[in-house]
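Colleague: Pasted the sequence and its predicted model underneath.
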Amino acid sequence: SGAALCTAYGANAPVMCLTGNIMSHLIGQGRGQLHELPDHLGTLKGLTKWAERINHPTEAGAVMNEGFRQMLSGRQRPVGIEAPWDVFGMAAEVDLPEAARPVAAPRPDPEAMEKAAALIRAAKNPMIMLGSGAIGAEAEVAELARLLQAPVTAHRSGKGILPDDDPLALLPPAAWQYWQTCDLLIGIGSRLELQYFRWRWMPKGLKVVRVDIDPTEMVRLKPDVGLVT
């Protein structure tokens with residue numbers, strides 16, 4: 001399950017992992033129980049976006065609700081929920097929780113939007129790079145590409161957001177040829193791995209606009225303009 005969670009984390013996949021743990025009274029005792037880890041919950045937190053333990057059936061509704069909220073909010077990634085073996089065997093009367101509601105996406109900064117628009121207006125050869133963060137925005141991506149008459153490419157998880165048979169879609173080998181004269185890279189929900197870690201060559205004077213729901217992406221790879229939304 002560890003490898004699956006790591007893959008889901010890297011692929012921004014919303015996966016709910018439900019797992020057990022040793023008996024409640026033995027957690028943290030270090031007595032060598034079967035499947036015991038020094039810190040099972042801590043290990044789970046290290047493999048997921050968020051993780052928590054259900055210590056009693058009365059906590060199940062609230063913990064599961066928060067788990068789904070975390071999984072579906074912002075940058076979607078796997079979450080983990082564990083329960084000790086003895087808790088799985090308990091029963092209690094509980095109220096059914098309300099359906100989890102994801103946190104609303106942040107609105108982009110108006111000043112940043114104006115700066116991005118200015119870079120787009122000035123660009124002569126823009127390119128759009130897609131990642132899995134653009135899933136669900138297929139129509140908007142296609143409209144932007146049409147308005148700018150900009151080619152669109154993708155690497156791994158961004159493939160298919162704009163179909164390969166679209167006139168503006170470029171497979172990476174063709175995109176590399178266009179890249180030689182590109183003056184604006186618009187990354188949408190993408191880590192920009194193709195350009196920065198595969199091609200590793202930047203056209204002179206290139207400007208970069210990034211659109212991503214994860215603000216840490218703007219720190220990891222700082223663009224000229226970053227829109228967090």
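Modeller: Great, that's in hand.

Colleague: Mind giving me the packing neighbours of whichever strand or helix holds G67?
Modeller: Remark: G67 resides in helix 60-72, with elements defined by DSSP states H and E. In terms of contact count using 3 or more C-beta pairs under 8 Å, 6 or more residues apart in numbering; DSSP states H and E, helix 60-72 is assigned the packing partners strand 16-21, strand 50-53, strand 79-84. C-beta here means a position set from N, CA and C on the backbone, and glycine is covered the same way.

Colleague: where do the strands sit along this protein?
Modeller: In chain order, the chain shows strands spanning 16-21, 50-53, 79-84, 126-130, 152-154, 184-188, 207-212, 225-228, with DSSP state E as the criterion.

Colleague: Tell me how far the shortest one lies from the chain's centre.
Modeller: The gap between where strand 152-154 is centred and where its chain is centred comes out at 18 Å by C-alpha atoms, centre = their mean, to the nearest Å.

Colleague: for that strand, packing partners?
Modeller: Helices and strands in packing contact with strand 152-154 are listed as strand 126-130, helix 172-179; criterion 3+ C-beta pairs under 8 Å, 6+ apart.

Colleague: circling back: as TSV, the helices and strands packed on helix 60-72 with mean pLDDT and distance to L44 would be great.
Modeller: Rendered in TSV, the data for those read as follows (pLDDT from 0 to 100; distance: least, C-beta to C-beta, whole Å):
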stretch	mean pLDDT	distance to L44
strand 16-21	96	7
strand 50-53	98	4
strand 79-84	97	4
